[in-house]
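Asker: quick one: sequence and predicted model below, then my questions.
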Amino acid sequence: MDRTVNRHEVKFIINLLEAELLKRRLPALLKPDSHARADGSYFIRSVYFDDPDYTAYREKLDGVKERTKYRIRFYNMSDKVIFLEKKMKNGDMTGKESVRLSRRGAQAFLDGHRALPKLPGLAGELGRLRQGVWKPVVIVDYDRWAYTYDVGNVRVTIDMNVRTAPFATDAFDKRLLTVPVLEPGQAVLEVKYDAFLPAPVRELLMGVTKQRCAVSKYTQCLSILE
């Protein structure tokens with residue numbers, strides 16, 4: 001079943017010292033993600049789709065207010081939970097539609113199987129694009145520390161070790177050689193919430209040196225291939 005989520009999303013660049021400070025401070029108020037590994041993180045791999053003109057990539061660089069990206073995402077290199085996602089951006093507001101895929105279904109999108117356009121909902125939408133000129137263009141890897149706060153449906157994430165595998169799109173290959181894409185010592189802080197950011201969370205984040213930015217892990221990874 002397709003699932004849709006809409007909320008505010010704000011991103012910051014922080015240094016690794018601030019990231020470590022937050023990883024110790026946030027659990028005093030927010031709940032750590034229940035799917036995390038022993039160190040509190042989980043690994044994310046995404047493969048993004050785009051057309052031959054790299055429209056999604058160019059629109060992000062050009063600052064187009066309303067834009068869309070498609071990706072397949074899974075966690076800790078396990079194929080037990082795989083999502084096909086469509087992410088829509090409109091200023092600080094972001095919407096996300098998602099649907100579960102099997103390993104076989106995900107591979108069909110990577111390979112461009114002819115039956116994809118006949119699928120329902122979001123899967124059929126990307127299936128039609130995939131049968132046109134869209135293709136998988138880049139892999140994005142990173143380690144994420146995630147924390148939630150029920151009031152305001154807040155989710156705070158810290159993404160470190162952001163990497164890509166140049167010119168590779170075989171998402172299930174565990175032996176891909178990857179390279180870092182952020183400046184040394186940088187991490188990405190993302191804050192997502194519904195109608196408002198509760199004061200206790202805002203106060204926690206105010207004590208951290210951070211630079212608000214429009215960083216996109218997708219464009220960062222694709223940029224190094226130019």
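Answerer: Yep, that arrived. Since we're looking at a predicted model, the values are computed, not measured.

Asker: in this protein, which spans are strands?
Answerer: 3-15, 31-32, 41-50, 66-75, 78-90, 93-101, 135-149, 154-164, 179-180, 186-193, 211-213 (DSSP state E).

Asker: in CSV, list these along with mean pLDDT and distance to Val201.
Answerer: The way it works is simple: take the backbone N, C-alpha and C, and place the C-beta from them, glycine included. Formatted as CSV, the strands of the chain follow (pLDDT from 0 to 100; distance: least, C-beta to C-beta, whole Å):
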stretch, mean pLDDT, distance to Val201
strand 3-15, 87, 12
strand 31-32, 94, 12
strand 41-50, 97, 20
strand 66-75, 96, 24
strand 78-90, 95, 22
strand 93-101, 93, 18
strand 135-149, 97, 6
strand 154-164, 97, 5
strand 179-180, 96, 29
strand 186-193, 96, 8
strand 211-213, 89, 16
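
Asker: right, and those - which one's nearest Leu225?
Answerer: Leu225 lies closest to strand 135-149 among those, at 7.0 Å (C-beta to C-beta).

Asker: gap between that closest one and the chain center?
Answerer: Centroid separation for strand 135-149 versus its chain: 4 Å, with C-alpha atoms, centre = their mean, to the nearest Å.

Asker: what pairs with that strand, parallel or antiparallel?
Answerer: strand 31-32 (antiparallel), strand 41-50 (antiparallel), strand 154-164 (antiparallel) (DSSP bridges).

Asker: that one vs strand 66-75, what angle?
Answerer: In terms of direction (axes from the mean of the first three to the mean of the last three C-alpha atoms, to 10 degrees), strand 135-149 departs from strand 66-75 by 80 degrees.
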